[in-house]
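Trainee: the sequence and its predicted three-dimensional model are supplied below.
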Amino acid sequence: MNQKFTKLVVSTEFEVYESEKDLNADENSLLQKAQQALKNAYAPYSNFYVGAAILLENGEIVVGNNQENAAYPSGLCAERVAIFHASAIHPGIPVKTIAVCCKAPGSVMETPVPPCGACRQVIAEYETKYGKAIRIIMQGEKGKVYASTSIESLLPLMFNRKYLK
Ligand code: THU
């Protein structure tokens, strides 16, 4: 075979915790704030409740939850509600950590929920903007927790402002 390409292999890794109890106290507390926040989600169409809690460099915590709409694409995910809210009320303050969790109807979600593609892109924007890695902590309703030290783990080969120069 005459292959005219080489391969770029991208690997990514996550920390896996058996439960939130294995996180440090601050991260566990942030995750609990995300769990609380999902209770206020407005999700009458999917009944899929998502909560996000963001810790900023100045110690402030800002939460968000998914907000749906009868015109479905007009709704917004929890992660973006939280991160836009944080940027709106604390402009210029880098994001340190975002914790995300969810509750689905009919069963107890024990698999961590990863942010959707659009939310990854938005998290990447703030990571690039401030030049500081954003830690991402993910859980379902209970059980295993995944954590990554940067959005790079979730969005390898990301498009960001560096390409616009
Ligand atoms: N959702 C989020 O809030 N975050 C995600 O990363 C994935 C999906 C919301 C959007 C919608 O309200 C519901 O979950 C079902 O897709």
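Mentor: Looks like it came in fine.
Trainee: can you pull out the helices in the chain?
Mentor: Taking DSSP state H as the criterion, the chain carries its helices at 25-37, 78-89, 117-130.
Trainee: out of the ones you listed, which one sits most buried?
Mentor: Most buried of the helices of the chain, by mean neighbour count (mean count of other CB atoms under 10 Å): helix 78-89, with a mean of 20. Where you see a C-beta, it was placed from the backbone N, CA and C, and this is true even at glycine.
Trainee: helices or strands up against that one?
Mentor: For helix 78-89, the packing partners by 3 or more CB pairs under 8 Å, 6 or more residues apart in numbering; DSSP states H and E come out as strand 49-56, strand 61-65, strand 95-103, helix 117-130.
Trainee: need the residues of the protein near the ligand, please.
Mentor: 43, 46, 48, 50, 66, 68, 75, 77-79, 115-116, 119 (CB under 6 Å from any ligand atom).
Trainee: can I get those in CSV with pLDDT and distance to Y126?
Mentor: As requested, these are exported to CSV (pLDDT from 0 to 100; distance: CB to CB, whole Å):
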residue, pLDDT, distance to Y126
A43, 98, 24
S46, 97, 26
F48, 97, 24
V50, 98, 18
N66, 98, 19
E68, 98, 24
G75, 98, 21
C77, 98, 15
A78, 98, 15
E79, 98, 11
P115, 98, 13
C116, 98, 16
C119, 98, 11
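Trainee: please pick the buried ones from those.
Mentor: In those, burial by neighbour count holds for A43, F48, V50, N66, E68, G75, C77, A78, E79, P115, C119, counting by 16 or more other CB atoms under 10 Å.
Trainee: related to what we said a few turns ago, any chance of CSV for the helices of the chain, columns distance to A147?
Mentor: Shown next, in CSV, are the helices of the chain (distance: least, CB to CB, whole Å):
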stretch, distance to A147
helix 25-37, 8
helix 78-89, 15
helix 117-130, 14
